[in-house]
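Colleague: 3D, please:
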Amino acid sequence: MILKASEIDPYLIDISEFEEHDFFLDSDILVVAITSKDIDAFENLIQQIENSRVKKIIFISSTSVYPNINAVVTEDTKTKQTALSEIEELFTQTDGNYVFARWGRPISPVVFGVLDETLGVVKTAIKEVCSACGHPTDELDPELGSNLLVFFVSNWHELCELPDLDQLIPNLSNVVDRLQAVSANQYRAFRFDDIGAIQACFVFLRMDEALERLGADSLVLAQVVQAMLLWSQTAFRDALPLTRLDNGTIVLRPEIADVLRAAYDPVMPARAADPSHALRLEARAQLIS
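Modeller: Residues are numbered from 1 along each chain as shown. Next up, the predicted model:
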(Lines give C-alpha, C1' and ligand atoms only; values in the text may rest on other atoms or scores of the structure.)
Protein backbone atom coordinates (compact mmCIF):
# COMPACT_ATOMS: atom_id res chain seq x y z
CA MET A 1 0.00 0.00 0.00
CA ILE A 2 2.84 2.41 0.83
CA LEU A 3 4.53 1.77 -2.52
CA LYS A 4 1.23 2.14 -4.39
CA ALA A 5 0.61 5.45 -2.63
CA SER A 6 3.98 6.65 -3.93
CA GLU A 7 3.00 5.52 -7.45
CA ILE A 8 5.55 2.69 -7.37
CA ASP A 9 4.50 -0.62 -8.90
CA PRO A 10 5.97 -3.56 -6.94
CA TYR A 11 6.69 -6.94 -8.54
CA LEU A 12 7.49 -10.30 -6.96
CA ILE A 13 10.32 -11.73 -9.06
CA ASP A 14 12.13 -15.07 -8.78
CA ILE A 15 15.55 -14.25 -10.30
CA SER A 16 16.37 -17.96 -10.70
CA GLU A 17 13.58 -18.13 -13.31
CA PHE A 18 13.89 -14.57 -14.58
CA GLU A 19 13.59 -14.48 -18.38
CA GLU A 20 13.04 -11.41 -20.53
CA HIS A 21 10.57 -9.64 -18.25
CA ASP A 22 10.27 -6.60 -20.50
CA PHE A 23 7.52 -5.07 -18.37
CA PHE A 24 9.85 -5.10 -15.37
CA LEU A 25 13.08 -3.98 -17.02
CA ASP A 26 11.41 -1.36 -19.19
CA SER A 27 12.94 1.39 -17.08
CA ASP A 28 15.85 3.83 -17.05
CA ILE A 29 16.86 3.09 -13.45
CA LEU A 30 16.84 -0.22 -11.61
CA VAL A 31 17.27 -0.58 -7.84
CA VAL A 32 18.55 -4.01 -6.80
CA ALA A 33 18.12 -4.94 -3.14
CA ILE A 34 18.21 -8.73 -3.01
CA THR A 35 19.54 -10.89 -0.20
CA SER A 36 19.80 -14.04 -2.32
CA LYS A 37 23.19 -15.84 -2.39
CA ASP A 38 22.31 -17.73 -5.59
CA ILE A 39 25.25 -16.76 -7.84
CA ASP A 40 23.81 -18.48 -10.92
CA ALA A 41 20.52 -16.62 -10.49
CA PHE A 42 22.38 -13.30 -10.17
CA GLU A 43 24.35 -14.04 -13.33
CA ASN A 44 21.07 -14.69 -15.13
CA LEU A 45 19.67 -11.41 -13.84
CA ILE A 46 22.79 -9.54 -14.99
CA GLN A 47 22.43 -11.01 -18.48
CA GLN A 48 18.80 -9.90 -18.66
CA ILE A 49 19.73 -6.40 -17.47
CA GLU A 50 22.48 -6.14 -20.10
CA ASN A 51 19.89 -6.90 -22.80
CA SER A 52 17.37 -4.40 -21.44
CA ARG A 53 16.99 -0.63 -21.74
CA VAL A 54 18.09 -0.04 -18.14
CA LYS A 55 20.70 2.75 -18.11
CA LYS A 56 21.55 3.04 -14.43
CA ILE A 57 21.62 0.52 -11.59
CA ILE A 58 21.60 1.20 -7.87
CA PHE A 59 22.85 -1.93 -6.10
CA ILE A 60 22.08 -1.95 -2.39
CA SER A 61 24.46 -4.37 -0.72
CA SER A 62 23.92 -5.92 2.69
CA THR A 63 23.23 -3.18 5.25
CA SER A 64 23.35 -5.78 8.02
CA VAL A 65 27.13 -5.31 8.19
CA TYR A 66 26.52 -2.03 10.04
CA PRO A 67 25.71 -1.94 13.77
CA ASN A 68 22.23 -0.93 14.94
CA ILE A 69 23.17 2.56 16.18
CA ASN A 70 20.07 4.48 15.03
CA ALA A 71 22.21 7.06 13.24
CA VAL A 72 23.31 8.09 9.78
CA VAL A 73 25.63 5.48 8.25
CA THR A 74 28.42 6.39 5.80
CA GLU A 75 31.25 4.46 4.12
CA ASP A 76 33.43 5.44 7.07
CA THR A 77 31.12 3.83 9.64
CA LYS A 78 32.78 0.85 11.29
CA THR A 79 31.14 -2.40 10.26
CA LYS A 80 30.34 -5.44 12.36
CA GLN A 81 32.60 -8.45 12.10
CA THR A 82 30.87 -10.85 9.70
CA ALA A 83 31.92 -13.77 7.53
CA LEU A 84 32.10 -11.36 4.58
CA SER A 85 34.26 -8.81 6.39
CA GLU A 86 36.55 -11.56 7.65
CA ILE A 87 37.08 -12.87 4.10
CA GLU A 88 37.76 -9.35 2.84
CA GLU A 89 40.38 -8.87 5.55
CA LEU A 90 42.14 -12.06 4.47
CA PHE A 91 43.05 -10.39 1.16
CA THR A 92 43.34 -6.73 2.13
CA GLN A 93 47.02 -5.84 2.00
CA THR A 94 48.79 -3.50 4.42
CA ASP A 95 48.42 -0.62 1.94
CA GLY A 96 44.62 -1.00 2.12
CA ASN A 97 44.24 -2.51 -1.36
CA TYR A 98 42.30 -5.73 -1.92
CA VAL A 99 44.45 -8.19 -3.89
CA PHE A 100 43.56 -11.83 -4.48
CA ALA A 101 45.42 -14.39 -6.59
CA ARG A 102 45.39 -18.17 -6.92
CA TRP A 103 47.56 -20.59 -8.85
CA GLY A 104 46.99 -20.64 -12.61
CA ARG A 105 48.89 -23.86 -13.29
CA PRO A 106 49.49 -27.26 -11.66
CA ILE A 107 51.79 -27.09 -8.64
CA SER A 108 55.17 -28.81 -9.03
CA PRO A 109 56.96 -28.75 -5.66
CA VAL A 110 60.58 -29.24 -4.67
CA VAL A 111 61.94 -29.11 -1.10
CA PHE A 112 65.45 -28.27 0.10
CA GLY A 113 67.19 -28.74 3.44
CA VAL A 114 65.19 -31.57 5.04
CA LEU A 115 65.49 -35.31 5.55
CA ASP A 116 63.50 -37.74 3.41
CA GLU A 117 60.97 -38.23 6.22
CA THR A 118 60.07 -34.52 6.30
CA LEU A 119 60.18 -34.38 2.50
CA GLY A 120 57.37 -36.93 2.41
CA VAL A 121 55.33 -34.90 4.89
CA VAL A 122 55.66 -31.78 2.73
CA LYS A 123 54.71 -33.43 -0.54
CA THR A 124 51.79 -35.28 1.05
CA ALA A 125 50.43 -32.04 2.53
CA ILE A 126 50.68 -30.30 -0.84
CA LYS A 127 48.79 -33.10 -2.61
CA GLU A 128 46.10 -33.27 0.07
CA VAL A 129 45.47 -29.51 0.12
CA CYS A 130 45.44 -29.31 -3.68
CA SER A 131 43.06 -32.27 -3.85
CA ALA A 132 40.72 -30.61 -1.36
CA CYS A 133 40.74 -27.44 -3.50
CA GLY A 134 40.32 -29.30 -6.76
CA HIS A 135 43.66 -27.97 -8.02
CA PRO A 136 46.12 -30.28 -9.83
CA THR A 137 49.73 -31.10 -9.00
CA ASP A 138 52.41 -32.34 -11.38
CA GLU A 139 55.93 -33.71 -11.20
CA LEU A 140 57.33 -31.00 -13.46
CA ASP A 141 56.27 -27.58 -14.71
CA PRO A 142 57.01 -27.59 -18.48
CA GLU A 143 58.21 -24.00 -18.28
CA LEU A 144 59.89 -23.75 -14.86
CA GLY A 145 60.64 -27.32 -13.85
CA SER A 146 59.48 -26.69 -10.28
CA ASN A 147 57.24 -23.80 -9.31
CA LEU A 148 56.75 -24.25 -5.55
CA LEU A 149 60.19 -24.19 -3.92
CA VAL A 150 60.44 -24.71 -0.16
CA PHE A 151 63.72 -24.00 1.65
CA PHE A 152 64.50 -24.99 5.26
CA VAL A 153 67.52 -23.18 6.79
CA SER A 154 68.97 -22.62 10.25
CA ASN A 155 70.27 -19.14 9.44
CA TRP A 156 69.08 -16.65 6.85
CA HIS A 157 72.59 -16.06 5.50
CA GLU A 158 72.61 -19.66 4.26
CA LEU A 159 70.39 -18.44 1.42
CA CYS A 160 73.21 -16.31 0.03
CA GLU A 161 75.31 -19.45 -0.37
CA LEU A 162 72.77 -21.31 -2.51
CA PRO A 163 73.75 -21.33 -6.22
CA ASP A 164 71.70 -19.07 -8.49
CA LEU A 165 69.11 -18.24 -5.83
CA ASP A 166 69.87 -14.58 -6.40
CA GLN A 167 68.58 -15.07 -9.95
CA LEU A 168 65.21 -16.13 -8.56
CA ILE A 169 64.93 -13.64 -5.68
CA PRO A 170 65.85 -10.07 -6.70
CA ASN A 171 68.12 -8.24 -4.23
CA LEU A 172 68.58 -11.44 -2.24
CA SER A 173 71.26 -10.02 0.06
CA ASN A 174 69.00 -7.09 1.01
CA VAL A 175 66.09 -9.47 1.65
CA VAL A 176 68.30 -11.60 3.89
CA ASP A 177 69.48 -8.55 5.84
CA ARG A 178 65.89 -7.42 6.44
CA LEU A 179 64.81 -10.87 7.59
CA GLN A 180 67.81 -11.09 9.91
CA ALA A 181 67.16 -7.62 11.33
CA VAL A 182 63.58 -8.43 12.39
CA SER A 183 64.36 -12.01 13.48
CA ALA A 184 61.81 -13.36 10.99
CA ASN A 185 61.33 -17.11 10.78
CA GLN A 186 59.48 -17.30 7.47
CA TYR A 187 59.28 -15.50 4.15
CA ARG A 188 57.29 -16.08 0.95
CA ALA A 189 57.79 -14.58 -2.49
CA PHE A 190 55.40 -14.99 -5.42
CA ARG A 191 55.68 -14.65 -9.17
CA PHE A 192 52.66 -14.05 -11.39
CA ASP A 193 51.79 -14.80 -15.00
CA ASP A 194 50.38 -12.43 -17.61
CA ILE A 195 46.84 -12.54 -16.18
CA GLY A 196 48.01 -12.14 -12.59
CA ALA A 197 47.62 -15.76 -11.47
CA ILE A 198 50.32 -17.30 -9.29
CA GLN A 199 53.08 -18.72 -11.47
CA ALA A 200 55.61 -19.63 -8.78
CA CYS A 201 56.05 -19.40 -5.01
CA PHE A 202 59.24 -19.47 -2.95
CA VAL A 203 58.86 -20.42 0.72
CA PHE A 204 61.78 -19.84 3.12
CA LEU A 205 61.71 -21.15 6.69
CA ARG A 206 64.32 -20.46 9.36
CA MET A 207 63.88 -23.22 11.90
CA ASP A 208 63.84 -21.40 15.23
CA GLU A 209 62.26 -22.58 18.50
CA ALA A 210 58.82 -21.23 17.56
CA LEU A 211 58.64 -23.25 14.32
CA GLU A 212 60.13 -26.36 15.91
CA ARG A 213 57.45 -26.31 18.61
CA LEU A 214 54.75 -26.57 15.95
CA GLY A 215 55.82 -30.02 14.88
CA ALA A 216 56.36 -31.12 11.30
CA ASP A 217 52.69 -31.79 10.43
CA SER A 218 51.39 -28.43 11.68
CA LEU A 219 54.29 -26.44 10.26
CA VAL A 220 54.06 -27.99 6.82
CA LEU A 221 50.26 -27.80 6.55
CA ALA A 222 50.24 -24.13 7.60
CA GLN A 223 52.92 -23.27 5.04
CA VAL A 224 51.17 -25.09 2.21
CA VAL A 225 47.92 -23.22 2.93
CA GLN A 226 49.75 -19.88 2.89
CA ALA A 227 51.31 -20.74 -0.47
CA MET A 228 47.98 -21.60 -2.10
CA LEU A 229 46.68 -18.03 -2.31
CA LEU A 230 48.01 -14.49 -2.12
CA TRP A 231 46.74 -13.83 1.41
CA SER A 232 47.21 -10.49 3.15
CA GLN A 233 50.42 -10.00 5.12
CA THR A 234 48.42 -10.14 8.37
CA ALA A 235 45.98 -12.94 7.51
CA PHE A 236 47.54 -15.44 9.91
CA ARG A 237 49.59 -13.15 12.10
CA ASP A 238 47.54 -13.85 15.23
CA ALA A 239 46.37 -17.41 14.54
CA LEU A 240 47.42 -20.26 12.28
CA PRO A 241 44.93 -21.50 9.65
CA LEU A 242 44.78 -24.77 11.63
CA THR A 243 42.80 -26.31 14.46
CA ARG A 244 43.16 -29.46 16.54
CA LEU A 245 40.36 -32.02 16.69
CA ASP A 246 39.40 -33.81 19.89
CA ASN A 247 41.47 -36.83 18.84
CA GLY A 248 44.55 -34.63 18.41
CA THR A 249 44.50 -34.52 14.59
CA ILE A 250 45.59 -31.20 13.05
CA VAL A 251 43.27 -29.98 10.28
CA LEU A 252 42.44 -26.73 8.51
CA ARG A 253 40.03 -24.40 10.26
CA PRO A 254 36.65 -24.98 8.56
CA GLU A 255 36.27 -21.35 7.46
CA ILE A 256 39.73 -21.36 5.84
CA ALA A 257 39.03 -24.68 4.10
CA ASP A 258 35.79 -23.20 2.71
CA VAL A 259 37.61 -20.11 1.40
CA LEU A 260 40.23 -22.28 -0.31
CA ARG A 261 37.63 -24.45 -2.02
CA ALA A 262 35.63 -21.39 -3.07
CA ALA A 263 38.76 -19.64 -4.37
CA TYR A 264 39.51 -22.56 -6.71
CA ASP A 265 35.94 -22.89 -7.95
CA PRO A 266 36.23 -22.76 -11.79
CA VAL A 267 33.75 -19.87 -11.99
CA MET A 268 35.97 -17.64 -9.82
CA PRO A 269 38.72 -15.49 -11.35
CA ALA A 270 42.39 -16.32 -10.91
CA ARG A 271 43.08 -12.76 -9.77
CA ALA A 272 40.94 -9.94 -8.39
CA ALA A 273 41.63 -6.43 -7.16
CA ASP A 274 38.11 -5.31 -6.23
CA PRO A 275 36.66 -5.90 -2.74
CA SER A 276 33.41 -7.05 -4.38
CA HIS A 277 35.30 -10.26 -5.11
CA ALA A 278 35.04 -11.06 -1.38
CA LEU A 279 31.24 -11.05 -1.74
CA ARG A 280 31.40 -13.69 -4.48
CA LEU A 281 33.95 -15.66 -2.47
CA GLU A 282 31.73 -15.62 0.61
CA ALA A 283 28.69 -16.71 -1.43
CA ARG A 284 30.62 -19.59 -2.98
CA ALA A 285 31.99 -20.62 0.41
CA GLN A 286 28.43 -20.81 1.78
CA LEU A 287 27.26 -22.90 -1.16
CA ILE A 288 29.98 -25.53 -0.81
CA SER A 289 30.27 -25.65 2.99
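Colleague: Could I get the average pLDDT for stretch 166-173?
Modeller: For stretch 166-173, mean pLDDT rounds to 93.
Colleague: got the contact list for stretch 60-78?
Modeller: If you take CB atoms under 8 Å, 6 or more residues apart in numbering as the criterion, stretch 60-78 is touched by Val31, Val32, Ala33, Thr35, Thr79, Lys80, Thr82, Leu84, Ser85, Leu279. Every residue, glycine included, has its C-beta placed from N, CA and C.
Colleague: at 10 Å what do you get?
Modeller: By CB atoms under 10 Å, 6 or more residues apart in numbering, the list of residues contacting stretch 60-78 from outside reads 31-35, 79-82, 84-85, 276, 279.
Colleague: Mind telling me the two of these farthest from one another?
Modeller: The largest separation in the contacts of stretch 60-78, counting by CB to CB, is between Val31 and Gln81 at 27.9 Å.
Colleague: Now, of the contacts of stretch 60-78, which are buried?
Modeller: By neighbour count, with 16 or more other CB atoms under 10 Å, the contacts of stretch 60-78 hold Leu84, Leu279 as buried.
Colleague: Including distance to Ser6, could the contacts of stretch 60-78 go into a markdown table?
Modeller: As requested, those are exported to a markdown table (distance: CB to CB, whole Å):
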| residue | distance to Ser6 |
| --- | --- |
| Val31 | 13 |
| Val32 | 19 |
| Ala33 | 16 |
| Ile34 | 20 |
| Thr35 | 22 |
| Thr79 | 30 |
| Lys80 | 31 |
| Gln81 | 36 |
| Thr82 | 32 |
| Leu84 | 32 |
| Ser85 | 34 |
| Ser276 | 30 |
| Leu279 | 30 |
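Colleague: For Val150, see how far away Thr118 is.
Modeller: Taking CB to CB, to the nearest Å as the criterion, Thr118 is separated from Val150 by 10 Å.
Colleague: Excluding covalently adjacent residues, which one is nearest to Ala272?
Modeller: Nearest non-adjacent residue to Ala272, counting by CB to CB, 6 or more residues apart in numbering: Phe100, 4.4 Å away.
Colleague: Likewise for Phe91?
Modeller: Distance criterion CB to CB, 6+ apart; nearest residue to Phe91, sequence neighbours excluded, is Phe100 at 4.6 Å.
Colleague: Kindly tell me how buried the one you found is, as a neighbour count.
Modeller: Neighbouring residues of Phe100 were enumerated by other CB atoms under 10 Å; the total is 26.
Colleague: you'd agree it is up against Ala262?
Modeller: No - with contacts counted by CB atoms under 10 Å, Phe100 stays clear of Ala262, the gap being 11.1 Å.
Colleague: Now list whatever residues contact both of these two.
Modeller: Counting by CB under 10 Å, 6+ apart, the shared contacts of Phe100 and Ala262 are Ile87, Met268, Leu281.
Colleague: just the residues you listed now: which is nearest Cys133?
Modeller: Among those, Met268 lies closest to Cys133 (CB to CB), at 11.2 Å.
Colleague: Isn't the closest one up against Arg284?
Modeller: Yes - at 6.5 Å, Met268 counts as touching Arg284 under the criterion of CB under 10 Å.
Colleague: OK, contacts around Ile256?
Modeller: Counted by CB under 10 Å, 6+ apart, Ile256 has contacts Leu90, Val225, Leu229, Trp231, Ala235, Phe236, Ala239, Leu240, Pro241, Leu242, Thr243, Ala285.
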